[in-house]
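> Sequence first, predicted model second:
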Amino acid sequence: MSTNPRRRRGKYYAPQRLNQISPSGIRKFFDLLASIEGVISLGVGEPDFATPWHICEAAISSLEKGYTMYTSNSGMPELRQELSRYLKENYNIEYGADSELLITVGASEALDLAMRAILEPGDEVIMPDPCYVSYAPCVVLAGGTPIMVPSNEKANFEISATDIEARVTKKTKAILIGYPANPTGAVMSRNKLAQIAEVARRHQLLVISDEIYAKLVYGVEHTCFATLPEMKERTILVGGFSKTYAMTGWRIGYAAAPREVIASMTKIHQYTMMCAPTMAQVAATEALKSGEDSATEMVEEYNRRRLIIVKGLNNIGLPCFEPKGAFYAFPSIKGTGMTSEEFAEKLLVEEKVAAVPGSAFGRCGEGYIRCCYATSLADIEEALSKMKRFVTKYQAT
């Protein structure tokens, strides 16, 4: 009889790969937030706007007409055709609606599918630190190894091609990037992205480019990574509708990639999710057809809030570089002498203002907090007032 405790019957033991990842630092923090009333939240990374009504109406109409059955595993043909048109019109890049696009349950599923479709056990994926909380776990759960590239405020939280290439080994399979970035709001120029593309070409690597915040940029231009020379055939483009059209709860996203990659991702998708929700796909189709005006209005309002919160954070003694994308500010709290988690917990308990510890996004996030400005201007101003009192208290002791 085996003496391996993991083989004993009647008792559950988590697979080793699960022991390599920690519970989401964001969710852990919001468990604490849920127990406190009257909190001003700068924490949740989602729009405070309701989904535009014409998008909701499209979904309601589909329900009334009885469109509640499964769709194709790849997604509704109408949605894929609209998505193909959208990518062509916005980025001048062509993806075949029938073979190079996959509709997923949010951009998060697209990331998971991408990792499982391309990685063999032990393969390495290079990514920035700090970064979105699911990047490294998705790699680990697919049997891979995340290799972190440190970034810092002096470099505007951008990673360089040189630093990426220094970490390339025989096991490297892909580079994972996400610009505009969560949690920092960093945006990379086309020139710097082109340098990363050159590394990928030279070492024959894939690039997974998370562009969920592509439309949320301020005073700069977003570069779709797949449009760089010779990169369409090496890029898995991940996007979605949550941020641009205020559709977080609809759980609808997509992947655009070479047909052989999409075929592999679809094979996994059909055995796990089957298809994205039908009514959400109808809503997404309407968003692509007629949602640009609403999206533009939301971005203009985010920009107004961005300028106010960044100026306010700097004025109260929390130095903050200017984010050029997404809807996050990432101020330094190092002057308080507290860790990110200590600062966020004390701020929540003492002032009822919620921000996310930067450490939730990686080692290089320590010493920072993430403040989401996708909330009302009144709440932002009140939060800044409370944070000023909090910072003054702890800098004086």
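In hand now; what should we look at? Numbering: from 1, shown residues only.
> what's the next secondary structure element after the worst-scoring helix or strand of the chain on mean pLDDT?
Of the helices and strands making up the chain, the lowest-confidence element is helix 25-33, at a mean of 67, by mean pLDDT, DSSP states H and E. Scanning forward in sequence from helix 25-33, with DSSP states H and E defining helices and strands, the next element found is strand 40-41.
> got a list of contacts for that next one?
Leu33, Lys352, Val353, Ala354, Cys372, Thr375, Asp379, Glu382, Ala383, Lys386 (Cβ atoms under 8 Å, 6 or more residues apart in numbering). In short, each C-beta sits where N, CA and C put it, glycine included.
> Can you go through those and name the buried ones?
Of all the contacts of strand 40-41 considered here, the ones buried according to neighbour count by 16 or more other Cβ atoms under 10 Å are Leu33, Lys352, Val353, Ala354, Cys372, Thr375, Asp379, Ala383, Lys386.
> And the strands in the stretch 201-350 of the chain?
Defined through DSSP state E, counting those that start in this stretch, the strands belonging to the stretch 201-350 of the chain, from first to last, are 206-210, 235-240, 253-256, 328-329.
> got a markdown table for these, with mean neighbour count too?
Compiled in a markdown table, the strands of the stretch 201-350 of the chain are given as follows (neighbours: other Cβ atoms under 10 Å):
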| stretch | mean neighbour count |
| --- | --- |
| strand 206-210 | 25 |
| strand 235-240 | 27 |
| strand 253-256 | 26 |
| strand 328-329 | 27 |
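> can you list those in a markdown table and add mean pLDDT?
What follows is the strands of the stretch 201-350 of the chain, written out as a markdown table (pLDDT from 0 to 100):
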| stretch | mean pLDDT |
| --- | --- |
| strand 206-210 | 98 |
| strand 235-240 | 98 |
| strand 253-256 | 98 |
| strand 328-329 | 98 |
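> of those strands, which approaches Ala287 most closely?
Closest approach to Ala287 among the strands of the stretch 201-350 of the chain is made by strand 235-240 (10.5 Å; Cβ to Cβ).
> now the angle between strand 206-210 and that closest one, please.
Direction vectors for strand 235-240 and strand 206-210, defined by axes from the mean of the first three to the mean of the last three Cα atoms, to 10 degrees, enclose an angle of 20 degrees.
> Counting by contacts, list what strand 235-240 packs against.
Applying 3 or more Cβ pairs under 8 Å, 6 or more residues apart in numbering; DSSP states H and E, we find strand 235-240 packed against helix 106-118, strand 206-210, strand 253-256.
> which sections of this protein are below the confidence cut-off?
The chain contains residues with pLDDT under 70 at 1-9, 23-30, 32, 396-397.
> can you tell me which helix in it is longest?
In the chain, with assignment by DSSP state H, the single longest helix is helix 292-315.
> List the buried residues in it.
Buried, per 16+ other Cβ under 10 Å, within helix 292-315: 294-295, 298-299, 301-303, 305-306, 309-310, 312-313.
> likewise stretch 212-220?
By neighbour count, with 16+ other Cβ under 10 Å as the criterion, the buried positions of stretch 212-220 are Ile212, Tyr213, Ala214, Lys215, Leu216, Val217, Tyr218.
> Where do the helices of the stretch 101-250 of the chain begin and end?
Along the stretch 101-250 of the chain, the stretches classed as helices by DSSP state H, counting those that start in this stretch are 106-118, 135-141, 161-165, 190-202.
> Pull the residues that contact the first one.
The reference is to helix 106-118. By Cβ under 8 Å, 6+ apart, the list of residues contacting helix 106-118 reads 102, 104, 125, 134-135, 138-139, 141-142, 144, 173-174, 206, 208, 210, 212, 236, 238-240, 242, 251-255, 257, 261, 264-265, 267-269, 273.
> Kindly report the same for the second one.
For helix 135-141, the surrounding residues in contact (Cβ under 8 Å, 6+ apart) are 17-18, 20-21, 111-112, 115-116, 119, 125, 127, 145-146, 148, 176, 178, 210, 362.
> of those, buried ones?
Among the contacts of helix 135-141, the ones that count as buried by 16+ other Cβ under 10 Å are 111-112, 115-116, 119, 125, 127, 145-146, 148, 176, 178, 210, 362.
> Let me have the residues you listed in TSV, adding distance to Gly96 as columns.
Conversion of these to TSV gives the following (distance: Cβ to Cβ, whole Å):
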residue	distance to Gly96
Leu111	22
Asp112	23
Met115	23
Arg116	22
Leu119	25
Val125	26
Met127	28
Thr145	33
Pro146	31
Met148	35
Leu176	24
Gly178	25
Asp210	22
Gly362	36
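> Please render the buried ones among the contacts of strand 40-41 as a markdown table that adds distance to Cys56 and secondary structure to the earlier fields.
Compiled in a markdown table, the buried ones among the contacts of strand 40-41 are given as follows (distance: Cβ to Cβ, whole Å; DSSP: H, G, I helix; E, B strand; the rest coil):
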| residue | distance to Cys56 | secondary structure |
| --- | --- | --- |
| Leu33 | 28 | helix |
| Lys352 | 32 | coil |
| Val353 | 31 | strand |
| Ala354 | 28 | strand |
| Cys372 | 23 | strand |
| Thr375 | 21 | coil |
| Asp379 | 24 | helix |
| Ala383 | 29 | helix |
| Lys386 | 34 | helix |
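> now, which of those sits nearest Pro52?
Taking Cβ to Cβ as the measure, Thr375 is the one of the buried ones among the contacts of strand 40-41 closest to Pro52, at 18.4 Å.
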